[in-house]
Structure formats: structure tokens, C-alpha cells
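Undergrad: Show me the folded form of this:
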Amino acid sequence: MKKLMNLEPSRSLKGFLAIMPFILILMLYWTASNDRLAENPYDKLLPSFTQISDAVERMAFTEDKRSGKYLFWDDTSASLYRICIGIGISAALGLILGMLSGLLPLVRSGFSPLITIVSLIPPMAVLPILFISFGLGELAKVMLIIIGTAPVIIRDVQSHVRQLPSEILIKAQTLGASTWLVAIRVVLPQIMPRLISAMRLSLGTAWLFLIAAEAIAAQEGLGYRIFLVRRYMSMDVILPYVIWITTLAFAMDFSLRKLSELCFPWYHHQEAGK
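TA: All right, here's what the predicted structure looks like:
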């Protein structure tokens, strides 16, 4: 008889087990919402699915009378632009600075302490400084994402570079490779999968900082809309927005994972074999 820890579910059972928690949550919400609305039809804490559907229709598929825009998609576009720019710049900084500090002892000695200190600064603590320095425009919001995610990515890439077998680097140098050639031909292919992995791990943090920045100073964006309607306790709007943010974050994470598997299959074979 197999032990419980050795039982592997079939593909169909995996799918069933994956979807079951979501079904239970929806059933629990539906029951709680019906109970509250039965006691008070004007209760806003747990809106019915019909009320949520009406809110989605109003926000996503009906033009706003004042601006003439579809607010849901306008907010989505603004937030995606900010987070893609922020994560993209953080990834570029992580790749360049992480590789240099991991490969070159001189750079590491002078640069690592600074990155370590910066990574320990709570980004939300410097948010007022960013707004004072860069104003209330896009730059301050993007800078918050960069400050919150870039140091972590840099340290992760640097650590991975330092973990590369020294034999590989020595062989490359023995064959006449310069430092630049070693970095481009040996180190870079090895750390690219790790960079994508670090980006995936930073997505949750990036969304957190984005929502916080939009809540404080913005005229559009998913975080701005959530904090705008909270004063009216519009849970029928807040809940779809939260679900949509989660869906976008999942889609970005899924896309990065598939990109990594497509471009670097050898890395994922190694991970699966560990």
C-alpha cells in the first residue's frame, strides 16, 4: 500500500482539485451575500452577483458621461503601462548591475553594500520624497516600482552569477576569452532564466507599490479607482477590480513562465530533475 505522500493524482483529479477551492469560495460568498441581502436589501458589504455584473457593465461597457471613456479599460491601460515600464527598467538594471557586480570583484566591493542598504529601505517610506522630487506624474509612480523591485532583482542575479561553477569561467579564460566575451557568451545565457524568475517573484511587490502610488496621487488607474469608490462602499466595483488585478498579475506571471520555458528549456529540465 502506497503512503499518502507518494500518491500522485491523475490529470483529471488535478484539475478537479485545482478548481474545487474556487467553487467553494463562490458558494460561500453566494450564501453569505444572500443572507445579508435578505436582512437588508441595501447592504453594500457583500453585493449579489447581479449587482457585480451590473457594475462591470457600467464600468467596462458604458461610456462615462463626463469623460466619454470606458473607465475600466482606461484604468487598466494606465496601470499596465506603469507596471510594465517599472518592471522593464528594474529587469534591465538587474541584468546589467547584477551581472557586473557578480562577475567583477571591484564592482562588487564598491556596489554591493549600497544595493544591500537600498534594498532594506521600505519603498513606501520614500513615496513622499518621490512625489516631492518628481511631482505627481507618471515618473514618481514608476520610480516607486523601480525602487521596490530593482534592488531585489539585482541581488538575485548577482547571487546567481557568483554561484556559477568557477571551472566554466576559468576554461573560457584559458581559451582566450576576454572579460566582455565571458560575460556575453558564458554568463549571460546562464542568468537569463534566473532574471525572468526574479521578475516573476517581483510582480506581486510591483503591483503592491503601484496600487499604493495610484491610491495617493493619480487621476486614472486600477488602484486609483478602488480608493476612489471606497468612500461610497461600492463593493460591487471594488471586487471586480481586485479580481481583475489578480487576473492581470497571473497572466503576466504565466506569460513570463512560458517565455522562459520556450527560450531556455534546458534550465527547466535541470529544475525538474532536482
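
Undergrad: Around L103, how many other residues sit close by?
TA: 20 (other CB atoms under 10 Å). Where C-beta positions appear, they are placed from N, C-alpha and C, glycine not excepted.

Undergrad: OK, contacts around it?
TA: V161, T179, V182, A183, V187 (CB atoms under 8 Å, 6 or more residues apart in numbering).

Undergrad: Surely the fourth one touches G102?
TA: No - with the criterion set as CB atoms under 8 Å, A183 and G102 do not qualify as a contacting pair; they are 9.8 Å apart.

Undergrad: Where does the prediction get shaky in this structure?
TA: Applying pLDDT under 70 to the chain picks out residues 1, 270-274.

Undergrad: So which residue is smack in the middle of it?
TA: L203 (1.4 Å; CA atoms, centre = their mean).

Undergrad: longest helix anywhere in this protein?
TA: helix 71-103 (DSSP state H).

Undergrad: Just the buried residues of that one, please?
TA: Within helix 71-103, the residues scored as buried using 16 or more other CB atoms under 10 Å are 71-72, 74-76, 78-79, 82-83, 85-87, 89-91, 93-95, 97-103.

Undergrad: And for stretch 114-128?
TA: For stretch 114-128, by 16+ other CB under 10 Å, it's I115, S119, P123, V126, L127.

Undergrad: State the distance spanning the first to the last residue of that stretch.
TA: The first residue of stretch 114-128 is 22 Å away from its last residue (CA to CA, to the nearest Å).

Undergrad: Tell me the gap between it and the middle of its chain.
TA: The chain centre lies 18 Å from the centre of stretch 114-128; the measure is CA atoms, centre = their mean, to the nearest Å.

Undergrad: what does stretch 259-266 give?
TA: On CA atoms, centre = their mean, the centre of stretch 259-266 falls 20 Å from that of its chain.

Undergrad: and if you look at stretch 211-231?
TA: Stretch 211-231 sits 18 Å away from the centroid of its parent chain (CA atoms, centre = their mean).

Undergrad: which other residues reach that stretch?
TA: So stretch 211-231 is in contact with 71, 74-76, 78-79, 82, 124, 127, 131, 136, 140-141, 144-145, 210, 237-238, 241-242, 244-245, going by CB under 8 Å, 6+ apart.

Undergrad: Swap in 6 Å and give it another go.
TA: D74, D75, A78, S79, F131, L136, K141, L144, V237, I238, Y241, I245 (CB atoms under 6 Å, 6 or more residues apart in numbering).

Undergrad: Make a markdown table out of the buried residues of stretch 114-128 and add secondary structure.
TA: Below are the buried residues of stretch 114-128 laid out as a markdown table (DSSP: H, G, I helix; E, B strand; the rest coil):
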| residue | secondary structure |
| --- | --- |
| I115 | helix |
| S119 | helix |
| P123 | helix |
| V126 | helix |
| L127 | helix |
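
Undergrad: any idea where the helices of the stretch 1-150 of the chain begin and end?
TA: 11-39, 49-60, 71-103, 105-120, 127-134, 138-162 (DSSP state H, counting those that start in this stretch).

Undergrad: Taking helix 49-60 as reference, get the angle to the third one.
TA: Computed with axes from the mean of the first three to the mean of the last three CA atoms, to 10 degrees, the direction of helix 71-103 lies at 80 degrees from that of helix 49-60.

Undergrad: Taking helix 138-162 as reference, get the angle to helix 71-103.
TA: 40 degrees.

Undergrad: report the angle between the axes of helix 71-103 and helix 105-120?
TA: Using the same axes, to 10 degrees: helix 71-103 against helix 105-120 is 140 degrees.

Undergrad: returning to that earlier point: looking at the helices of the stretch 1-150 of the chain, which is nearest to K258?
TA: When these are compared by CB to CB, helix 71-103 sits nearest K258, at 16.5 Å.

Undergrad: chain center to the closest one, what's the gap?
TA: On CA atoms, centre = their mean, the centre of helix 71-103 falls 10 Å from that of its chain.
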